[in-house]
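S.K.: structure for the following, please:
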Amino acid sequence: MAIAFGHVDRATPMGGNLVAGGVTFRTWAPRARAVYLVEQRQLPAITQADWRPSEDNRLGALGDETWGGFLASADDGYRYMFWVDGASGSGPKRDSYACELTIDPAFPNSFCILRAASGYPWHDAGWRPPDFRDLIIYQLHVGTWWAVDAAGNDLRATRGGWFLDVATRLPYLRARWASMPCSCCRSRSSRPNTAPATTASTISRPRCFMRAARMPS
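M.R.: From the prediction side, this is the model:
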């Protein structure tokens, strides 16, 4: 189904958003020559070497480095990707505003999934955050912290890390850092100091912020 114009402008929310009669799409691609929507039915073909999206699926330039369009009849659960033609090449790109990614195919080959906010099973109504003084904030640089391929080879020198790379290491962070008071808290905490000796800490009284530039060994 062809992309329609006239439903999307610079005030349209970013990403894919379900509206009456279909979906609005808007994405930021400042150096793109053209941006397309890859529809659900086209997704199996995007890995083929000679495949290209149809001109019917080309998004319109909105004049603010964003591109947008409207697709009729798509519904909750619809899968999609963007396709970007740029100076350095062409290929599929995920929507950074996607509400959900597929498990099959799994990351890093996930597709984006449209979701209606009204239908999402929210389950955090009873959650309350800990007191700020009980938190440890771990600062990391996403681009250099962690990125490996399926074989475990380090990819940081060639493409850098992504937020989804960090997401794969959340169990590590939870096990290694959760509830660990840093060394500068020793005099103000009744808990033992269990922070790794290699962690650099800075004091900003009355709270502490643990900072690290790379994954501890």
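
S.K.: ranges for the helices of this protein?
M.R.: 142-145, 163-168, 170-177 (DSSP state H).

S.K.: now those helices in TSV, with mean neighbour count, distance to Ser90 and mean pLDDT?
M.R.: Where you see a C-beta, it was placed from the backbone N, CA and C, and this is true even at glycine. Output for the helices of the chain, formatted as TSV (neighbours: other Cβ atoms under 10 Å; distance: least, Cβ to Cβ, whole Å; pLDDT from 0 to 100):
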stretch	mean neighbour count	distance to Ser90	mean pLDDT
helix 142-145	14	23	91
helix 163-168	14	22	90
helix 170-177	12	32	81
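
S.K.: any chance of those in a markdown table, plus distance to Asp56?
M.R.: Listed next are the helices of the chain as a markdown table, based on distance: least, Cβ to Cβ, whole Å:
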| stretch | distance to Asp56 |
| --- | --- |
| helix 142-145 | 36 |
| helix 163-168 | 30 |
| helix 170-177 | 40 |
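
S.K.: just for this structure, where's the confidence low?
M.R.: Across the chain, the ranges flagged by pLDDT under 70 are 1, 177-217.

S.K.: and it, what are its domains?
M.R.: Domain ranges of the chain: 15-119, 132-211, per automatic domain parsing.

S.K.: comparing these, which comes out most buried?
M.R.: By mean neighbour count, with neighbours taken as mean count of other Cβ atoms under 10 Å, domain 15-119 ranks first of these at a mean of 16.

S.K.: which parts of this protein are strands?
M.R.: 15-19, 22-28, 32-38, 60-61, 66-72, 79-86, 89-93, 100-101, 112-113, 138-139, 200-204, 207-211 (DSSP state E).

S.K.: closest one to Asp124 among those?
M.R.: strand 100-101 (16.1 Å; Cβ to Cβ).

S.K.: which residues are in contact with Pro30?
M.R.: Counting by Cβ atoms under 8 Å, 6 or more residues apart in numbering, Pro30 touches Glu65.

S.K.: look up how far Gly63 lies from it.
M.R.: Computed as Cβ to Cβ, to the nearest Å, the Pro30 to Gly63 distance reads 12 Å.

S.K.: got phi/psi on Tyr78?
M.R.: When read as degrees, to the nearest 10, the backbone of Tyr78 gives phi -70, psi 140.

S.K.: Arg115 is in contact with that one, correct?
M.R.: No - look at Tyr78 against Arg115 with Cβ atoms under 8 Å: they stay out of range, at 9.3 Å.

S.K.: relative to Phe132, how far out is Glu168?
M.R.: Quick fix: residue 168 is Thr, not Glu. Distance from Thr168 to Phe132, by Cβ to Cβ: 28 Å.

S.K.: same question, Asp85
M.R.: Distance from Asp85 to Phe132, by Cβ to Cβ: 46 Å.

S.K.: what about the strands of the chain, which gets the closest to Gln48?
M.R.: Proximity to Gln48 (Cβ to Cβ) singles out strand 89-93 among these, at 11.3 Å.

S.K.: run through who's touching that closest one.
M.R.: For strand 89-93, the surrounding residues in contact (Cβ under 8 Å, 6+ apart) are 38, 46, 52, 81-84.

S.K.: mind putting these in TSV, distance to Val23 included?
M.R.: Listed next are the contacts of strand 89-93 as TSV, based on distance: Cβ to Cβ, whole Å:
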residue	distance to Val23
Val38	13
Ile46	19
Arg52	22
Met81	14
Phe82	13
Trp83	16
Val84	19
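
S.K.: which one of those is nearest Thr24?
M.R.: Phe82 (13.6 Å).
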